[in-house]
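S.K.: can you look at this prediction? I've put the sequence above it.
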Amino acid sequence: MDDQPGRNGAKFMLWIDAVGGYWVCLGDEVLLGQPVRGVRLDVPILGDISSRHARICRDAEGYWIEPLREVRLDDRLLRVPAPLVDGSQIGLGARVRLAFRRPHALSATARLDFVSPHRTYPSADAILLMAESCVLGPKPHSHVVCRNWTEEIMLYRQGEALFCRAAGSFEVDGVACTGRGLLRPNSRITGEGFSLSLEALATA
């Protein structure tokens, strides 16, 4: 388990009270597949797919999906890597369906939503492919829309560390912060009208 959740290639669960749970991947490449003992996956999905089914990569130009087994992009069977754009529909095998989103114009972070009734293992509502920042808040362009919040909160990376930024004062693991606070595995963040926590996940 990584000492810092912001380390490249790490992953963690983001639990937002009264909103949901989100599987967060920090690497520039993520491998999707069915969880099988001995196979290292970034996004394990419980479904009738291969243990190494597809790879999603992020570079300076955007996102690409590489088919390792049967992958459809907007109902087109892929033979070679193809670019992903906001609204792309991804099919893995016969039944697993995901929607790719890039909701925030100023952030390279993307989101994968389940269209089919499948989930990650452990279960998450969606998958966040976090680049430099991830915006949580009430606005439609937020990576996670928290409708009852009054302000936006940003998780962002600086080197190998992960920070939280919010207007005014809040607490990280019971310690008061103003403006920003350093996050660690299993940190708990609370403020007026919001609360969330991180849960570190094993890399294997």
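M.R.: Structure's in. What do you need? Residues are numbered from 1 along each chain as shown.
S.K.: now do the SS call for residue 176.
M.R.: When classified by DSSP: H, G, I helix; E, B strand; the rest coil, residue 176 comes out as strand.
S.K.: name the helix or strand for the closest residue to it other than its chain neighbours, please.
M.R.: Among residues not flanking residue 176 along the chain, residue 169 sits closest, at 6.1 Å (CB to CB, 6 or more residues apart in numbering). Any C-beta I mention is one placed from the backbone N, CA and C, and that applies to glycine too. Element membership for residue 169 (DSSP states H and E) is strand 161-172.
S.K.: that strand: which residues count as buried?
M.R.: For strand 161-172, a neighbour-count test (16 or more other CB atoms under 10 Å) marks 162, 163, 164, 165, 166, 170, 172 as buried.
S.K.: what helices and strands are in contact with that strand?
M.R.: Contacts defined by 3 or more CB pairs under 8 Å, 6 or more residues apart in numbering; DSSP states H and E place strand 161-172 against strand 153-158, strand 175-183, strand 188-191.
S.K.: tell me which of the ones you listed is the most buried.
M.R.: strand 153-158 (a mean of 19; mean count of other CB atoms under 10 Å).
S.K.: what angle do it and strand 161-172 make?
M.R.: For strand 153-158 against strand 161-172, the angle by axes from the mean of the first three to the mean of the last three CA atoms, to 10 degrees is 140 degrees.
S.K.: neighbours of residue 135, how many?
M.R.: 21 (other CB atoms under 10 Å).
S.K.: so who does it touch?
M.R.: 104, 107, 109, 141, 142, 143, 144, 152, 153, 154 (CB atoms under 8 Å, 6 or more residues apart in numbering).
S.K.: is it possible to mark the buried ones in those residues?
M.R.: Of the members of the contacts of residue 135, the ones counted as buried by neighbours, 16+ other CB under 10 Å, are 104, 107, 109, 142, 143, 144, 152, 153, 154.
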